[in-house]
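Asker: compute the structure for the input listed below.
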Amino acid sequence: MNWLYGILINLQFFTIIPVHRKLSMDTVQLKRSVQTFPLIGILQGVLTSTLLYILIEWSPFSTLATAFMLWLFMMVFSGGIHLDGWMDASDAFFSYRDLEKRLQIMSDPRTGAFGVLSVIVLLSGKFLFIYEIVQNVEVATYVIIATIPFLSKSVMGFFLTTIKPSKDEGLAAFFQSAIHRSCIWLYPIYIVLIVMASVLISMESILSVLILIVVTAFVVWYIKRKIVRWFDGITGDVLGASVEGTEVLLWMTVWLLHYFVMG
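Answerer: This is a model prediction of the structure:
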């Protein structure tokens, strides 16, 4: 039951799927929530791949329309919660102000010019990658696409449990008050299971999945240090930005793989 509670909390926080139930947010439930971050990611990935398959195989829509609907679905599914974090973190980072001012900017409900520009670049880049990938879909593509949100949600869980919060209030501090690093001991097991599933579904996908895992590991290694330097820790906005940033990098990786490996 604790595992189910954790999944329901994640659905309530990070998706638009309605959860008509009042959920307790005690230490055990929050721990289960963090442990099941990647499961919410794989749910999103499977739904995205399923939608792509339906649009390609059973609909009359063009490649452009298919790419647009896939792109739109990913935004709608999360309710834009991570995009909000991306914009706020971008406003703070590109202000080039001191740490205290950056944290104030992220707390400001208003969106500045840098936030708007950064989300335009993010979304247009993601749309480009999706459009060109959709033009050359193989069986392996469905597996690879399903892996992307799984890895981005894993990054969110890793940062949440290994980087201190930069302030004493907010979503990140709330979660960290109830969890510790051992919460993510399941993540390597999830990754092994994903690799095994990739082999069973499509042998052609295994190299690409492994490359995505390596890219994700690089993101964790590089961005973790930058987060501490730029923001002196994490906030809910920084976590959201890490999810969006990881996803667009992984989409770009798949796009490049279609040119140089799978093409």
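
Asker: for residue 1, give me the pLDDT.
Answerer: Residue 1 is assigned a predicted lDDT (pLDDT) of 55.

Asker: now residue 80
Answerer: pLDDT, residue 80: 85.

Asker: neighbours around it, how many?
Answerer: 15 (other Cβ atoms under 10 Å). For every residue, glycine as well, the C-beta is placed using N, CA and C.

Asker: how close does it get to residue 9?
Answerer: 19 Å (Cβ to Cβ, to the nearest Å).

Asker: ditto for residue 208
Answerer: 32 Å.

Asker: what do you get for residue 194?
Answerer: Taking Cβ to Cβ, one finds residue 194 at 22 Å from residue 9.

Asker: backbone phi and psi for residue 16, please?
Answerer: Main-chain dihedrals, residue 16, degrees, to the nearest 10: phi -100, psi 0.

Asker: ok, now which ones touch it?
Answerer: Residue 16 is in contact with 76-79, counting by Cβ atoms under 8 Å, 6 or more residues apart in numbering.

Asker: got those residues as a markdown table, with neighbour count columns?
Answerer: As requested, the contacts of residue 16 are exported to a markdown table (neighbours: other Cβ atoms under 10 Å):
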| residue | neighbour count |
| --- | --- |
| 76 | 11 |
| 77 | 18 |
| 78 | 21 |
| 79 | 14 |
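
Asker: around residue 125, count how many other residues there are.
Answerer: Residue 125 has 15 nearby residues by other Cβ under 10 Å.

Asker: for the protein, where's the lowest mean pLDDT among helices and strands?
Answerer: Of all helical and strand segments in the chain, the minimum by mean pLDDT, DSSP states H and E falls on helix 171-176, at a mean of 70.

Asker: which helix or strand lies directly C-terminal to it?
Answerer: helix 187-201 (DSSP states H and E).

Asker: next, the angle from the helix or strand following that next one to helix 187-201.
Answerer: Once the chain leaves helix 187-201, the next helix or strand it forms, by DSSP H and E, is helix 206-231. Counting by axes from the mean of the first three to the mean of the last three Cα atoms, to 10 degrees, helix 206-231 lies at 150 degrees to helix 187-201.

Asker: helices or strands next to helix 206-231 in the packing?
Answerer: In this structure, helix 206-231 packs against helix 81-93, helix 99-107, helix 139-162, helix 187-201, helix 236-260, with contacts taken as 3 or more Cβ pairs under 8 Å, 6 or more residues apart in numbering; DSSP states H and E.

Asker: which residues are contacting the fourth one?
Answerer: Which is helix 187-201. For helix 187-201, using Cβ under 8 Å, 6+ apart, the contacting residues are 38-39, 42, 139, 143, 147, 150, 154, 157-158, 205-206, 209-210, 213.
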